[in-house]
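Student: here is my input; please provide its structure:
(one chain, ligands or ions: 1)
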Amino acid sequence: MKPIQVGLLGIGVVGAGTFQVLRRNQEEIQRRAGRGIEITMVADLDVARAQSIVGPGVKVVNDARAVIANPDIDIVIELIGGYGIAKALVLEAIAAGKHVVTANKALLAVHGTEIFAAASAKGVMVAFEAAVAGGIPIIKALREGLTANRIQWIAGIINGTTNFILSEMRDKGLDFGAVLKEAQRLGYAEADPTFDIEGVDAAHKVTLMSAIAFGIPVQFDKAYVEGITKLGAADIQYAEQLGYRIKLLGITKRTDKGIELRVHPSLVPAKRLIANVEGAMNAVVVQGDAVGTTLYYGKGAGAEPTASAVIADLVDIARLHSADAEHRVPHLAFQPHTLDEAMGTLPVLPMGEVVTSYYLRLRVADEAGVLAKVTGILAEAGISIDAVLQREADEVGGEGATQTDLIILTHDCVEAKMNAALAQMQALPTVLAPITRIRKEELA
Ligand code: HSE
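Tutor: Now for the predicted structure:
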């Protein structure tokens, strides 16, 4: 059978990695796919640079639409990123009857419903293994390997930049700002790292995993998103003293009332494997009713790890593209007509209805009755305390006035109740600075 022809839109780090791995491992890939897979056309604004990567045998153009218009191309790989031109090109490729492989989590998390519907109507596949956790085959695991299970929850370290920053803060006792500068100097963090450090990139990824795990539409607009910019080195040290590590987790969980979908810094017991994932590595824990707990670990970014995922999608398409569309694996694991609430799917819960436990750090005046007032507010709200840590007082401002950090771990309570209690505590004259609240996940 003649090789399947692939057009590549955007040959940056991942595109070049894909080209190289495909060429290096072509024999084994062909034995697996049942036919050759060849990138025969590339579109990139820098034609000369692109041509130097792919060599003279591959046609390079600066117009992505020329790739889409080429009738010999069966699969278009979109590695441009973002929601602008990438969205238009993906929809145009689908309309032209091409299968699409993309690493674009932002595009699919925000516009996935429209894109998957267009693909289904046209009978083509949109494959996106590389969009979540780079080289870790988590989409394949959720969509196929765990298909027997009712998934209960997923918790992942799915942003390498922030995990690198948190690891450095813990190792070196530095604050967020200092480590971010170092991460940028080393090339881990982008010049504009907003999507990473504010949790948006992780929220795109957990939105996709949530849809696949629970059979719901992609609903990025309903995700709760909080990044790591407000974390201090002190919180990381206190968490350590209490037996926890702080990680930026993407969490999605099935409850009786609905689906939790959230990204925020979380205290995780130090003894959990995922708490020990350091540096820029990614890891995802999936809990299924039949399989129990499973853990997936690996590189979440980089040329060849991401290429590994892109090529896995190319092989899937090479094997399945001649099958009837209804006999292929559905884009979001569940048959598209079963994704809406009329079929009994659960709504995504507002953050106020999420139940979790908390770490609180209060900067307080070291005076009689302060602890009683704080714990009184929690008791009144029905929030049970799990542990309290009080640091030795610091003398601040002379005349013997002292302040201290009061650390409280709570048991589970609903977020809306905690928000109300926090407002009351914050209003106490003896609480001297904004209270730090970090959610805690036992992941048992
Ligand atoms: N910027 C992401 C990270 C990689 O730091 O993990 C691409 O999603």
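Student: what residues does the stretch 101-250 of the chain put near the ligand?
Tutor: Residues of the stretch 101-250 of the chain found near the ligand (C-beta under 6 Å from any ligand atom) are 159, 160, 161, 196, 201. For glycine as for every other residue, the C-beta is placed from the backbone atoms N, C-alpha and C.
Student: between the residues you listed, which has the most around it?
Tutor: Greatest neighbour count in those, by other C-beta atoms under 10 Å, goes to residue 159: 31 neighbours.
Student: ok, now which ones touch the residue nearest to it when sequence neighbours are not counted?
Tutor: What sits nearest to residue 159 in space, not counting adjacent residues and going by C-beta to C-beta, 6 or more residues apart in numbering, is residue 202, at 4.4 Å. By C-beta atoms under 8 Å, 6 or more residues apart in numbering, residue 202 lies in contact with 156, 158, 159, 162, 248, 249, 250, 263.
Student: go with 6 Å
Tutor: 158, 159, 250, 263 (C-beta atoms under 6 Å, 6 or more residues apart in numbering).
Student: of these, closest to residue 319?
Tutor: Ranked by distance to residue 319 (C-beta to C-beta), these are led by residue 158 at 27.4 Å.
Student: ok, how many other residues are close to the closest residue to that closest one other than its chain neighbours?
Tutor: Leaving aside its chain neighbours, residue 158 sits nearest to residue 205 (4.4 Å; criterion: C-beta to C-beta, 6+ apart). Around residue 205 there are 27 other residues, counting by other C-beta under 10 Å.
Student: just say helix, strand or coil for residue 403.
Tutor: strand (DSSP: H, G, I helix; E, B strand; the rest coil).
Student: that one: how many residues sit nearby?
Tutor: The burial count for residue 403: 18, using other C-beta under 10 Å.
Student: can you tell me how far the residue nearest to it when sequence neighbours are not counted is from residue 433?
Tutor: Spatial nearest neighbour of residue 403, excluding adjacent residues (C-beta to C-beta, 6+ apart): residue 396 at 4.9 Å. When distance is defined by C-beta to C-beta, to the nearest Å, residue 396 is 11 Å away from residue 433.
Student: before we move on, what about residue 258?
Tutor: Residue 258 is 35 Å from residue 433, by C-beta to C-beta.
Student: what do you get for residue 284?
Tutor: Remark: distance between residue 284 and residue 433 (C-beta to C-beta) = 35 Å.
Student: those two: which is more packed in?
Tutor: residue 284 (28 against 12).
Student: how is this protein partitioned into domains?
Tutor: Here the domain parsing of the chain from automatic domain parsing is 4-137+304-342, 138-299+344-351, 355-440.
Student: what would the ones you listed look like in CSV with mean pLDDT?
Tutor: CSV is the format used below for these (pLDDT from 0 to 100):
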stretch, mean pLDDT
domain 4-137+304-342, 96
domain 138-299+344-351, 96
domain 355-440, 93
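Student: what about the residue nearest to residue 403, how many neighbours?
Tutor: Here the number of neighbours of residue 396 (other C-beta under 10 Å) works out to 13.
Student: start the count at 20 instead of 1 going forward.
Tutor: Sure, I'll start counting at 20 from here, so that last one is residue 415.
Student: that one against residue 424, yeah?
Tutor: No: if you go by C-beta atoms under 6 Å, residue 415 and residue 424 don't touch, sitting 11.9 Å apart.
Student: okay, and the common contacts of these two?
Tutor: Shared contacts of residue 415 and residue 424 (C-beta under 6 Å, 6+ apart): none.
Student: mind checking how far residue 128 is from residue 307?
Tutor: 23 Å.
Student: ditto for residue 204
Tutor: Counting by C-beta to C-beta, the gap from residue 204 to residue 307 is 41 Å.
Student: more crowded one of those two?
Tutor: residue 307 (20 against 9).
Student: torsion angles phi and psi at the closest residue to the more buried one other than its chain neighbours?
Tutor: The shortest distance from residue 307 to any non-neighbouring residue, by C-beta to C-beta, 6+ apart, is to residue 168 (3.1 Å). The phi and psi values for residue 168, taken as degrees, to the nearest 10, are phi -90, psi 150.
Student: what's near enough to touch residue 402?
Tutor: Residues near residue 402 by C-beta under 6 Å, 6+ apart: 429, 432, 440.
Student: next, it: secondary structure please.
Tutor: Under three-state DSSP, residue 402 comes out as coil.
Student: what about residue 103, how many neighbours?
Tutor: Residue 103 has 10 neighbouring residues, counting by other C-beta under 10 Å.
Student: gap between it and the ligand?
Tutor: Separation of residue 103 from the ligand (C-beta to the nearest ligand atom, to the nearest Å): 18 Å.
Student: now do that residue against residue 125, distance only.
Tutor: 10 Å.
Student: wait, residue 299 sits on residue 183?
Tutor: Yes: under the criterion of C-beta under 6 Å, residue 299 makes contact with residue 183 at 4.5 Å.
Student: any common contacting residues for those two?
Tutor: With C-beta under 6 Å, 6+ apart, residue 299 and residue 183 have common neighbours residue 207.
Student: surely the residue nearest to residue 307 is in contact with residue 312?
Tutor: No: at 11.4 Å, residue 168 does not count as touching residue 312 under the criterion of C-beta under 6 Å.
Student: same drill for the two, tell me which one is more crowded.
Tutor: Each of residue 168 and residue 312 has its neighbours counted (other C-beta under 10 Å); residue 168 has more, 17 against 14.
Student: which ones are touching that one?
Tutor: With contacts defined as C-beta under 6 Å, 6+ apart, residue 168 is in contact with 307, 308, 309, 310.
Student: among those, which are in strands?
Tutor: residue 307 (DSSP state E).
Student: looking at the contacts of residue 168, spot the one nearest the ligand.
Tutor: residue 307 (24.8 Å; C-beta to the nearest ligand atom).
Student: would you agree the closest one is in contact with residue 172?
Tutor: No: using C-beta under 6 Å, residue 307 is not in contact with residue 172, being 9.4 Å away.
Student: show me where the stretch 320-463 of the chain has its strands.
Tutor: Along the stretch 320-463 of the chain, counting by DSSP state E, counting those that start in this stretch, strands occupy 374-384, 404-409, 413-414, 421-429, 432-433, 455-459.
Student: just the stretch 20-169 of the chain next, same as before
Tutor: 23-28, 56-62, 78-80, 94-97, 118-121, 145-146.
Student: list the residues that contact residue 254.
Tutor: Counted by C-beta under 6 Å, 6+ apart, residue 254 has contacts residue 455.
Student: on that earlier part again, now the residue nearest to residue 178: which helix or strand?
Tutor: helix 219-233 (DSSP states H and E).
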